[in-house]
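K.L.:
Sequence and predicted structure, then a few things I'm wondering about:
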Amino acid sequence: MKQVILVRYGEIALKGLNRNYFIDLLVRNIKEVLKQFSNIKVKKVQGRIIVEVNENSIEEIIEKVQKVFGIVSLSPAILIEKDLELIEEKISERALKRDFKSFRVSARRGDKKFPMNSQELSTHLGGIILKNKDNIKVDLHNPDINFFVEVREDVYIYDEVINGLGGMPVGCSGRTALLLSGGIDSPVAGYMMAKRGLQPVAIYFHAFPYTSDRAKEKVIKLAEIIAQYIGKIKLYVVPFTDLQLKIIEKCPEKQITILIRRYMSRIAEEIAKKEGLGSLTTGESLGQVASQTQESMLVTGEVAHLPIFRPLIGLDKLEIIRMAEKIGTYETSILPYEDCCTIFVPKHPETKPKLERIKESEKALEEEAPQLIKEAVENSEIIIV
Ligand code: ATP
Ligand code: MG
């Protein structure tokens, strides 16, 4: 007998020719989140993935596997040989351990050579359970517990179906540069794109000493939380102070936020080029702040050649907060450490910047900017989280 977890995938099973590629990625991602455990096997079996738990705690393993995108549901199960007596013995044992008043057995015969068909086996095992436990009855429509028995190459017995997160296996859509601040929004944005199969490479603009080491630690912590869904994340901590101070020194105050944004996009694109990433992802949401109007996004996006994904664009702050709570980033995001954009917020920021005027202002930086961008990329600290 083996303790296993049955892992079911949905959407990805529909991907035709890519099917095997998707499933292999899913297997890889499951292995990645379980790498701290020894003696675990993850394998593909007939349209499923089976995780063999061995001596490890099945609860701990489920908690990890549940966070892998591309999984529709999972069930802790036992795997036994195809032997009727053994099935009877194991299902009785299981029924005695569980607390219920009504039940059903849902047997499925995948192997046509097995002597009983699905219906016969369900009825037979239902009878065995009734004989072995008092004060219970069969209820086919609304049972307290449903005992599933699947007869395939081996036999699986389980009575729990846990929902997965859905989505697609991380990596199947490529990789994105996630502009990760210490705020509430960008971690949620990273989560959403990862759910669509993009592996994020996080980029944090750090304006030390205006933003403290604690602010950086907070971003690392956020990356760690997102990494639970992804396996691991590469984080660039970009030294942003020199460029930011130059902008403040040389450009009109009310344009500062927009200009900072443009330089962030430029640096992010440089890193994307170096890493071979196919897009940028931000936590912007329409109308949330001055720099998140259509006009501002036109101006900040204008410097980027890659597509910019803004998965939160149509969400309310409250909806985003709810997601952050669900994902587990909220508590960390609200820690009160300064953010490089809030330190230098102009009193009257421009909400409808004109591209021409912004470009005009950037002329003041024309000479130093390319070198400052290059240095920022080169001097970035790279942390594998
Ligand atoms: P967040 O909660 O994600 O910080 P926000 O509502 O504070 O977002 P802004 O500060 O305007 O909004 O930032 C918009 C987006 O720009 C962020 O979601 C993030 O993707 C990116 N960004 C802002 N500041 C930084 C930073 N210091 N490092 C990396 N990305 C940043
Ligand atoms: Mg912010």
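P.N.:
All right, it came through fine. Ligands and ions are numbered 1, 2, ... in the order given.
K.L.:
Any residues of the stretch 51-200 of the chain in contact with ligand 2? List them.
P.N.:
Ser181, Gly183 (CB under 5 Å from the ion). Where you see a C-beta, it was placed from the backbone N, CA and C, and this is true even at glycine.
K.L.:
what about the residue of the chain found nearest ligand 2, is that helix, strand or coil?
P.N.:
The nearest approach of the chain to ligand 2 comes at Gly183, 3.5 Å away (CB to the ion). Assigned with DSSP: H, G, I helix; E, B strand; the rest coil, Gly183 falls in the coil class.
K.L.:
My understanding was that it contacts Thr282; is that so?
P.N.:
No. Using CB atoms under 8 Å, Gly183 is not in contact with Thr282, being 10.7 Å away.
K.L.:
Show me which of those two is the more surrounded one.
P.N.:
Relative neighbour count places Thr282 above the other of Gly183 and Thr282, with 28 against 20, counting by other CB atoms under 10 Å.
K.L.:
The closest residue in space to the more buried one that isn't next to it in sequence: neighbouring residues, count only.
P.N.:
If the residues on either side of it in the chain are set aside, Thr282 comes closest to Leu179, at 4.9 Å by CB to CB, 6 or more residues apart in numbering. For Leu179, the neighbour count with other CB under 10 Å is 24.
K.L.:
what bridges to Leu179?
P.N.:
For Leu179, the beta-bridge partners are Ile203 (DSSP bridges).
K.L.:
who's in contact with it?
P.N.:
Ser186, Ile203, Phe205, Met264, Ala268, Leu280, Thr281, Thr282, Gly283 (CB atoms under 8 Å, 6 or more residues apart in numbering).
K.L.:
and the first one, helix, strand or coil?
P.N.:
Following three-state DSSP, we place Ser186 in the helix state.
K.L.:
Residue numbers of the stretch 101-250 of the chain in contact with ligand 1?
P.N.:
Within reach of ligand 1 by CB under 6 Å from any ligand atom, the stretch 101-250 of the chain has these residues: Leu179, Leu180, Ser181, Gly183, Ile184, Asp185, Ser186, Ile203, Tyr204, Phe205.
K.L.:
Next one, pLDDT for the last one please.
P.N.:
So the one you mean is Phe205. For Phe205, the pLDDT comes out at 97.
K.L.:
how's this structure carved up into domains?
P.N.:
Taking automatic domain parsing as the reference, the chain has its domains at 2-163, 175-384.
K.L.:
Quick one: the ones you listed as CSV, columns for distance to Pro169 too.
P.N.:
Conversion of the domains of the chain to CSV gives the following (distance: least, CB to CB, whole Å):
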stretch, distance to Pro169
domain 2-163, 4
domain 175-384, 6
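K.L.:
how about the strands of the stretch 1-150 of the chain, start to end?
P.N.:
Taking DSSP state E, counting those that start in this stretch as the test, the strands found in the stretch 1-150 of the chain are 2-9, 41-45, 48-52, 71-80, 102-109, 137-138, 145-151.
K.L.:
name the helices or strands packed onto the last one?
P.N.:
This means strand 145-151. For strand 145-151, the packing partners by 3 or more CB pairs under 8 Å, 6 or more residues apart in numbering; DSSP states H and E come out as helix 84-97, strand 102-109, helix 118-132, strand 155-158.
K.L.:
now the angle between strand 145-151 and the longest one, please.
P.N.:
Going back to what we said before, that points to helix 118-132. Inter-element angle recorded for helix 118-132 and strand 145-151: 130 degrees (by axes from the mean of the first three to the mean of the last three CA atoms, to 10 degrees).
K.L.:
Arg214 touches Lys221, doesn't it?
P.N.:
No. Look at Arg214 against Lys221 with CB under 8 Å: they stay out of range, at 10.2 Å.
K.L.:
Between those two, tell me which one has more neighbours.
P.N.:
Shown here are Arg214 and Lys221; by other CB under 10 Å, Lys221 has more neighbours (17 against 12).
K.L.:
Give the closest residue to that one in space, chain neighbours not counted.
P.N.:
Spatially, and ignoring its direct neighbours in sequence, Lys221 is nearest to Thr332 (5.0 Å; CB to CB, 6+ apart).
K.L.:
so who does that neighbour touch?
P.N.:
The contact partners of Thr332, by CB under 8 Å, 6+ apart, come to Lys218, Lys221, Leu222, Ile225.
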